[in-house]
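**Q** Sequence first, predicted coordinates after that:
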Amino acid sequence: MERALALAERGGGATAPNPMVGCVIADSGGRVLGEGYHRRAGGPHAEVEALRAVAAAGHDPHGSTVVVTLEPCAHQGLTPACVDALIEAGVARVAFATEDPHTGRGGAGRLVAAGIPAAPGLLRREAELLVEPWLHFVRHGRPLFHLKTAVTLNGRVTRGAGGPRWITGPEARAAVHRLRRRHAAVVVGIGTALADDPLLTVRDWPPPGGPPDDSSPLPWPDVQPLRVVLDAELRLPLDSRMARTARDAPVLVLCAEDAPRDREAALGDHGVEVLRVPRGPTGLALDAAALALADREVTGALVEPGPTLARGLLASGLVDRWTFFVAPVWEAARDAVPLLDGLGLELRDPVWETHGPDASVSGRLA
């Protein structure tokens with residue numbers, strides 16, 4: 001199952017609005033016969049990819065064990081139901097990490113009825129963390145908003161005008177790129193876009209040669225999230241890095257309904273998509289922005305905010321997960337911006353990790 005989870009992550013946000021899923025098929029002695037993962041929305045599911053790999057290797061899947069990160073589907077959508085392929089292949093049993101939340105789409109019952117034991121629960125928590133945006137989208141009809149913040153030991157989110165650009169080191173920055181890849185979209189406010197001129201693409205994940213804990217020979221496809229700028233007045237510069245690369249990786253600007261039409265046309269000439277949403281009290285109506293992303297089937301958005309956007313999202317109740325990267329530095333510059341305070345927030349089920357000299361804690365907001 002650990003290998004199946006590592007395979008699932010290869011799909012990244014390209015699978016939206018479907019989940020990331022990985023599958024390993026082994027014989028009765030534990031020898032891997034084939035493996036696969038869901039590569040993109042509309043493409044073959046992980047179980048079918050794994051069965052194809054078994055056939056390509058000249059093996060027979062009859063009597064094998066299928067280990068998959070999500071309950072095999074019994075639903076005929078853009079692709080056939082996976083349970084039909086597994087039953088036809090004559091597999092002996094199926095172990096899956098977590099159930100499909102769609103009513104009537106999970107196929108465990110059909111497998112059992114066909115005489116194939118199918119049991120959930122193996123590494124359930126890890127699997128649900130991997131597909132958390134998809135689960136949230138299915139249950140609530142809007143993207144999961146995941147805030148990412150880097151802070152110093154004394155709670156500063158910048159190093160001051162004369163300080164270093166980065167708060168954290170390269171290992172933590174690679175972890176951020178991993179988070180970008182696992183979400184369908186990356187979101188910033190126009191303040192961050194103007195101050196930092198970010199690119200917001202995935203560049204540092206996976207590392208050269210692949211992750212150290214992933215021995216699979218299957219390729220890591222290039223996956224770029226939708227880059228989203230919340231920009232009420234359409235101030236994104238035409239020479240910004242995002243505008244200049246909009247034809248290479250998609251960029252969506254959400255603006256107010258009365259934003260200048262000439263700016264929309266100019267950005268459009270660069271390949272930037274512009275979508276108008278209602279205004280809110282201090283900029284865009286964030287709930288309307290969330291619905292606009294849901295209409296585009298964005299299951300999860302990693303938000304890399306400045307203080308204004310962070311406070312607005314938190315006040316609106318839209319933040320579902322918050323990850324803090326903490327660097328072992330004490331920033332004394334008087335113009336270093338402090339992290340938001342006085343919000344009375346609580347992180348549930350925190351997950352701690354280390355990234356070189358830095359650390360991170362991630363949890364769902366109570």
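**A** Cool, got the structure.
**Q** ends of stretch 225-240, how far apart?
**A** From the first residue to the last, stretch 225-240 extends over 18 Å; the measure is C-alpha to C-alpha, to the nearest Å.
**Q** How far away from the center of its chain is it?
**A** Relative to the mean C-alpha coordinate of its chain, stretch 225-240 is positioned 21 Å out (C-alpha atoms, centre = their mean, to the nearest Å).
**Q** Quick check: buried residues in it?
**A** With burial defined by 16 or more other C-beta atoms under 10 Å, the residues of stretch 225-240 counted as buried are 225-232, 234-236, 240. Glycine gets a C-beta too; all of them are placed from N, C-alpha and C.
**Q** Over to stretch 103-119?
**A** Counting neighbours by 16+ other C-beta under 10 Å, one finds that the buried residues in stretch 103-119 are 105-108, 110-111, 114, 116, 118.
**Q** Please give me every residue in contact with Ala185.
**A** Neighbour list for Ala185: 13, 143, 225-228, 252, 293, 298, 300-302 [criterion: C-beta atoms under 8 Å, 6 or more residues apart in numbering].
**Q** Was I right to think Val67 contacts Leu5?
**A** No: Val67 lies out of contact with Leu5 (C-beta atoms under 8 Å); the separation is 9.9 Å.
**Q** Counting neighbours around each, name which of those two comes out higher.
**A** Neighbours were counted for Val67 and for Leu5 using other C-beta atoms under 10 Å; Val67 has more, 25 against 22.
**Q** Now do the contacts for the more buried one.
**A** 1, 3-4, 23-26, 94-96, 122.
**Q** which one of those residues has the most neighbours?
**A** Using other C-beta under 10 Å as the contact criterion, the top neighbour count among the contacts of Val67 goes to Cys23, which has 31 neighbours.
**Q** Pairing partners for the helix or strand hosting that residue, with directions?
**A** Assigned by DSSP states H and E, Cys23 belongs to strand 22-26. As defined by DSSP bridges, the strand partners of strand 22-26 come to strand 32-37 (antiparallel), strand 65-70 (antiparallel).
**Q** taking the contacts of Ala185 one by one, which sit in strands?
**A** 226-228, 252, 300-302 (DSSP state E).
**Q** Show me which of these is closest to Pro101.
**A** Gly300 (14.9 Å; C-beta to C-beta).
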